[in-house]
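**Q** I need the structure of the sequence given here:
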Amino acid sequence: MTNIAEAATGQSRAAVPGGRRRVPDKEQLASWRAFLRAHATITRTLETELVAEQRLSLASYDVLVQLAEAPRRTLRMTELAAAVLLSRSGVTRIVDRLERVGLVRRSAVENDGRGVAAILTEAGLNRLRIASRTHLAGVVTHFADRLNADDLAALERISRRLVD
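**A** Sure, this is the predicted structure:
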């Protein structure tokens, strides 16, 4: 076996039933790995800057952004979890921390005895405004400045296709 694709299936591509490829070829795998490496590197750098300069994790920042953009700065916990791509328990832990420092508060959802919403406080909105300076400068430095307008347009088009 000469490559990961063969190792994954235990057979060469030619031996795959029906002749259909069930694993990425070498170029596809290289693109996938480059995508993962770029995402991880930029995300790690943005996280490091936010923590160092603002004492705020990237996940906490994302929670504040999602709440700031929501109607009445309020989201059900399940909606918030979906928006930030975390599990409900992961969002609960972040909201717990943000609530302890007064950036978010919880409230029961009207007409739903079990529903709980997270609400961005004025202090949370102010904190987000300050933290946004660090984060958005990092997005420009570590992402936007490294690509030209055509690259950015292509990346957006490709990214939208991947999530649609």
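**Q** What residues sit buried inside the lengthiest helix in the chain?
**A** Longest helix of the chain, by residue count under DSSP state H: helix 26-54. Buried residues in helix 26-54, counted by 16 or more other Cβ atoms under 10 Å: 42, 46-47, 49-50, 54. In short, each C-beta sits where N, CA and C put it, glycine included.
**Q** Closest to I158 out of the residues you listed?
**A** Nearest to I158 among the buried residues of helix 26-54, counting by Cβ to Cβ, is I42 at 15.9 Å.
**Q** Test my guess that the closest one contacts F143.
**A** Yes: the criterion here is Cβ atoms under 8 Å, and I42 meets it with F143 at 5.8 Å.
**Q** which stretch of helix or strand covers R133?
**A** helix 122-142 (DSSP states H and E).
**Q** what packs against that helix?
**A** Other helices and strands packing on helix 122-142, by 3 or more Cβ pairs under 8 Å, 6 or more residues apart in numbering; DSSP states H and E, are helix 26-54, helix 58-69.
**Q** In terms of secondary structure, what does the shortest one contact?
**A** In terms of contact count using 3+ Cβ pairs under 8 Å, 6+ apart, helix 58-69 is assigned the packing partners helix 26-54, strand 74-76, helix 77-84, helix 88-100, strand 104-108, strand 116-120, helix 122-142.
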